[in-house]
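J.: One predicted model, sequence on top.
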Amino acid sequence: MSKFDYDLFVIGAGSGGVRAARLAAQMGKKVAVAEESKPGGTCVVRGCVPKKYLVYGAEYGSSIESSRKYGWSYENLDFNWEKLRDSIQKEVDRLSNIYSNILKKNGADVYNERAEFIDKNTVMLTSSKKKISANRILIAVGGQPWSPDIPGVEHAIISDDAFVLERLPSSILIIGGGYIASEFASIFSGLGVKTTQAYRGEHLLNGFDEDIRRHVGSHQKANGIDVRFNISPIKINVDGNSYVTHFDDGSIITADLVFMATGRRPYTSKLGLERVGVKTDTLGSIIVDEFSKTNAENIYAVGDVTNRINLTPVAIREAQAFVETIYGSRPLEYDHRNIASAVFTRPPIGVVGLNEAQAREVYGDNIIVYETTFRPMKNILSGKEEKCFIKLITEATGEKIIGIHMIGDDSPEIIQILGICVKAGLTKTDFDNTCAVHPTLAEEIVTLRQRV
């Protein structure tokens with residue numbers, strides 16, 4: 001008989017935690033999960049799922065307007081924020097219940113409380129004060145929004161709040177230049193809100209290919225977003241029903257709502273890691289090896305809390321690899337290279353592999369870059385000037401494809417398939433030998449000939 005209450009105790013019921021708990025339970029292990037919020041984690045409850053529904057909602061206004069040139073006419077159009085918000089929350093609740101039922105169906109015990117470490121084999125549920133022991137403990141608590149410590153920052157909302165606003169503001173200031181800030185700027189602008197996006201850098205989306213960064217800034221402005229570069233907030237004041245944000249260049253922006261989207265940090269501050277000696281970096285990320293193991297013998301971590309690649313599908317794959325390594329037949333290291341990702345701006349972005357700067361760091365000048373910028377067929381009749389940009393990077397020798405970057409309608413859907421191609425090591429010749437599907441936006445991928 002085991003001296004522990006559980007074989008595996010998982011802290012956090014997000015995508016990674018639920019996957020690990022389910023798979024371990026299916027292997028016959030005694031498993032428990034602690035979750036202080038709703039099962040489903042950031043992605044399901046307050047991240048990519050509700051955000052994508054907001055993206056869909058914001059797209060309809062532009063689509064309806066564009067349809068007029070296609071012969072459609074409409075009268076008395078109206079947008080109801082409360083209806084969209086409540087519909088999304090209903091779906092979030094449905095999905096969260098599915099996550100909870102998955103755990104229960106597979107025999108995992110679920111504790112709806114926060115857990116913190118007492119020692120390397122024991123956690124305490126902070127509400128009930130119940131102590132639970134486990135042979136192994138997996139940390140999968142994800143991350144949380146981070147805001148700069150400036151006077152008046154308490155007046156700003158964060159991404160968690162954006163999904164449950166009582167009313168839609170007439171104007172909003174979004175501070176930040178990453179994917180969250182850029183996506184929400186597109187969302188609010190698409191819903192008819194006067195939107196300003198302020199960022200401390202020269203281009204949005206730090207870490208992305210420089211051409212993508214330039215294009216997304218141009219698209220944001222073309223969609224009516226007032227984008228301000230090279231400014232940082234220093235304080236926020238209340239002025240009646242508005243908020244006045246002061247910046248370090250002396251400028252002032254007044255809006256009905258201020259949205260801080262200045263990044264995310266691992267949610268490690270309340271875990272009691274100091275009691276068990278688990279090492280973290282300067283941002284609080286848990287340091288793990290290639291098998292998601294911390295420096296503590298029996299403690300592991302997956303997902304955003306490790307700050308490797310903060311994507312839901314990555315957390316799921318890390319969790320699968322963890323279970324296979326610990327309870328399966330072989331150690332399994334998840335390969336974090338060539339992971340496709342998307343940014344749901346208007347138009348959206350899809351990327352996989354190395355950007356041009358990264359490629360030059362690895363290969364020097366031994367790369368070939370192909371580019372094309374074009375107006376998609378769909379935009380011709382509607383009169384939209386919005387263009388698509390595609391960039392393909394290959395090794396010079398053999399022309400193995402090492403990076404693809406695109407911005408335009410359906411880019412996220414297209415990049416998923418292209419991710420398979422890059423992961424498989426396909427070459428430019430493989431693409432050239434593939435017949436195009438015409439007329440489509442994606443055919444440009446296999447007809448691309450223009451070298452930079």
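T.: Perfect, I can see it now.
J.: Can you pull out the low-pLDDT segments for the stretch 1-150 of the chain?
T.: 1 (pLDDT under 70).
J.: make it 50
T.: Low-confidence segments of the stretch 1-150 of the chain, defined by pLDDT under 50, are absent.
J.: Just the helices from it, written as ranges.
T.: For the stretch 1-150 of the chain, the helices defined by DSSP state H, counting those that start in this stretch occupy 15-26, 41-46, 48-67, 81-105.
J.: Strands of the stretch 251-400 of the chain, start to end?
T.: 252-255, 257-260, 264-266, 299-301, 341-343, 349-353, 367-374, 388-395 (DSSP state E, counting those that start in this stretch).
J.: can you put the helices of the stretch 1-150 of the chain in CSV and add distance to Arg275 and mean neighbour count?
T.: Backbone N, C-alpha and C define where each C-beta goes, glycine included. What follows is these, written out as CSV (distance: least, C-beta to C-beta, whole Å; neighbours: other C-beta atoms under 10 Å):
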stretch, distance to Arg275, mean neighbour count
helix 15-26, 21, 26
helix 41-46, 24, 25
helix 48-67, 33, 17
helix 81-105, 26, 15
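J.: Ok, which of those comes nearest Lys378?
T.: Closest approach to Lys378 among those (C-beta to C-beta): helix 48-67, 8.1 Å.
J.: The closest one vs helix 81-105, what angle?
T.: If you take axes from the mean of the first three to the mean of the last three C-alpha atoms, to 10 degrees, helix 48-67 sits at 140 degrees to helix 81-105.
J.: Can you give the contact residues for helix 48-67?
T.: Residues from elsewhere that reach helix 48-67, judged by C-beta atoms under 8 Å, 6 or more residues apart in numbering: 40, 42-43, 72, 74, 77, 79, 84, 87-89, 91-92, 95, 159, 162-163, 183-184, 186-192, 312, 344, 346, 379, 382-384.
J.: Which among those count as buried?
T.: For the contacts of helix 48-67, burial is judged from neighbour counts taken by 16 or more other C-beta atoms under 10 Å, and it is met by 40, 42-43, 84, 88, 92, 95, 159, 162-163, 183-184, 186-191, 312, 344, 346, 379, 382, 384.
J.: returning to what we had before: same list (the strands of the stretch 251-400 of the chain) but as CSV, adding distance to Arg213.
T.: Supplementary listing: the strands of the stretch 251-400 of the chain in CSV, determined by distance: least, C-beta to C-beta, whole Å:
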stretch, distance to Arg213
strand 252-255, 22
strand 257-260, 21
strand 264-266, 20
strand 299-301, 31
strand 341-343, 11
strand 349-353, 10
strand 367-374, 14
strand 388-395, 11
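J.: Tell me which of the ones you listed lies nearest to Gly12.
T.: strand 299-301 (9.5 Å).
J.: tell me what that closest one is packed against?
T.: Secondary-structure packing of strand 299-301 (3 or more C-beta pairs under 8 Å, 6 or more residues apart in numbering; DSSP states H and E): strand 131-139.
J.: contact partners of the strand it packs on?
T.: By C-beta under 8 Å, 6+ apart, strand 131-139 touches 2-12, 17, 20, 32, 111, 115, 117-118, 120-125, 268, 271, 278, 286, 294, 298-302, 305, 319, 322, 326.
J.: Buried residues of it, list them for me.
T.: Under 16+ other C-beta under 10 Å, the buried positions of strand 131-139 are 132-139.
J.: Please report how far the nearest residue to Ala340 once chain neighbours are set aside lies from Asn355.
T.: Counting by C-beta to C-beta, 6 or more residues apart in numbering, Ala340 lies nearest to Gly419, which is 3.3 Å off, once chain neighbours are set aside. Using C-beta to C-beta, to the nearest Å, Gly419 is found at 15 Å from Asn355.
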